[in-house]
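1. Return atomic coordinates for the entry below.
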Amino acid sequence: MTTLRERKPSWIRAQFPAGERYTEVVQLLRDETLNTVCQEARCPNIGECFNRGTATFMILGDTCTRACGFCAVTSGKPGPIDWTEPRRLAEAVERLNLSYVVITSVNRDDVTDGGAQIFASCIELIRRARPETAVEVLIPDFVGDRQALETVLAARPTVLNHNVETVARLYPRVRFQARYERSLELLQRASDWAPHIPTKTGFMLGLGEERDEVSELLADLRRSQVDLLTVGQYLRPSDKHLPVARYVRPEEFDEIREEALSLGFRHVESGPMVRSSYHADEQARAAQLTKVALHG
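-> Numbering: from 1, shown residues only. From the prediction side, this is the model:
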């Protein structure tokens, strides 16, 4: 097992976040009291994404009703829903001239629809304020609520993303309040109900998975008709979180990428520093071209 004090391998390196656009985005987030998962989850690619005009906003507060063993977001009892958040988010996107936006959230198992209506309102108001901006949503599992998923899909996001995070065997340890089958079912339903909207998921390596389990996961995801995939290295946020079982070499990430593409994924980002929203705009363009060709 690794510890926080161990030296990470040479391929685990992130650039220090800087740049004029980065500073502008951070300041506006403070002004509008908006959260980004880029900051809350300590994403190593925050500088690169902010400077290229993309950002991942975290709605529905900054406190999650679940306590996954890998996640840096605060868990506990959330505050009330802020119904002005979609308007403030749309105004921020317009002021920053963002070309691609990812909207994610904490889990809100305390709310009847899991926050689905807020997701839908964010999509609709961003489209009204800045029609040229593409909007991807990274949604929770909504505890399997079909109506909640329908509410989000009806708002026509550019991409529907839901992360499986890890292989089936590790769910009781890594995502003990989630269910592997429920996540696969959500992705399948999204593809069935809205075939023109690309579906996407992501998972981490380095939590103790075996290589054959990764292959089984890839096959399960393709059976669920997932189009886009991200694969990255798990990095331990603090000593209170799950330890890193191993650091996966870049060559293995390349192998997984090739395997995934051979199964039919439309676009795959696989590498040690890849996160769910990494190069999300490029992935969306690749998937949309394919979807148009397939469905007309």
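
2. give the contact list for Arg223.
-> Residues near Arg223 by Cβ atoms under 8 Å, 6 or more residues apart in numbering: Gln188. The C-beta positions use only the backbone N, C-alpha and C, and glycine is treated the same way.

3. swap the cut-off to 7 Å and go again
-> By Cβ atoms under 7 Å, 6 or more residues apart in numbering, no residues touch Arg223.

4. okay, it: pLDDT?
-> pLDDT recorded at Arg223 is 98.

5. One more: Arg246?
-> 96.

6. go on, the one 10 residues further on?
-> Listed pLDDT for Ile256 reads 98.

7. My guess is it contacts Thr230. True?
-> No. Ile256 is not in contact with Thr230 according to Cβ atoms under 7 Å; the separation is 11.0 Å.

8. Assumed Thr230 was part of a strand.
-> Yes. Judged by DSSP: H, G, I helix; E, B strand; the rest coil, Thr230 forms part of a strand.

9. Against Trp83, how distant is it?
-> Thr230 sits 31 Å away from Trp83, going by Cβ to Cβ, to the nearest Å.

10. Over to Ser183?
-> From Ser183 over to Trp83 (counting by Cβ to Cβ), the distance is 28 Å.

11. Looking only at neighbour counts, state which of these two leads.
-> Ser183 (24 against 10; other Cβ atoms under 10 Å).

12. element containing that one, please.
-> helix 180-193 (DSSP states H and E).

13. mean confidence for that helix?
-> Taken as a whole, helix 180-193 has a mean pLDDT of 98.

14. any idea which helix or strand comes after that helix?
-> Scanning onward from helix 180-193 (DSSP H and E), the first element met is strand 199-205.

15. contacts for that next one?
-> 70, 159-166, 187, 190-191, 217, 221, 225-234, 248, 276, 283.

16. Restricted to strands, list these.
-> If you go by DSSP state E, the contacts of strand 199-205 have Val159, Leu160, Asn161, Leu228, Leu229, Thr230, Val231, Gly232, Gln233 in strands.

17. Tell me the pLDDT of Asp113.
-> 96.

18. Could you do the one 10 residues further on as well?
-> Confidence per residue is given as pLDDT, and for Ile123 that number is 98.

19. from what I can see it touches Ala155, true?
-> Yes. The pair Ile123 and Ala155 qualifies as a contact (Cβ under 7 Å) at a distance of 4.0 Å.

20. Which of those two has more residues huddled nearby?
-> Counting neighbours by other Cβ under 10 Å for Ile123 and for Ala155 shows that Ile123 has the greater number, 23 against 19.

21. From Gly264, how far out is the more buried one?
-> Distance from Ile123 to Gly264, by Cβ to Cβ: 28 Å.

22. do the same with Ala148
-> 28 Å.

23. any low-confidence regions in the stretch 1-150 of the chain?
-> Low-confidence segments of the stretch 1-150 of the chain (pLDDT under 70): 1-6, 13-54.

24. one more time with 50
-> By pLDDT under 50, the low-scoring segments of the stretch 1-150 of the chain are 1-4, 16, 39-41.

25. Would you map the helices across it?
-> Along the stretch 1-150 of the chain, the stretches classed as helices by DSSP state H, counting those that start in this stretch are 20-31, 37-40, 46-51, 85-96, 116-129, 146-154.

26. what angle do the fifth one and helix 85-96 make?
-> Interaxial angle, helix 116-129 versus helix 85-96 (axes from the mean of the first three to the mean of the last three Cα atoms, to 10 degrees): 30 degrees.

27. from the chain's centre, how far out does helix 116-129 sit?
-> With Cα atoms, centre = their mean, to the nearest Å as the basis, helix 116-129 stands 18 Å off its chain's centre.

28. which strands and helices sit next to the helix holding Ser183?
-> Under the contact definition 3 or more Cβ pairs under 7 Å, 6 or more residues apart in numbering; DSSP states H and E, helix 180-193 sits against helix 146-154, strand 199-205.
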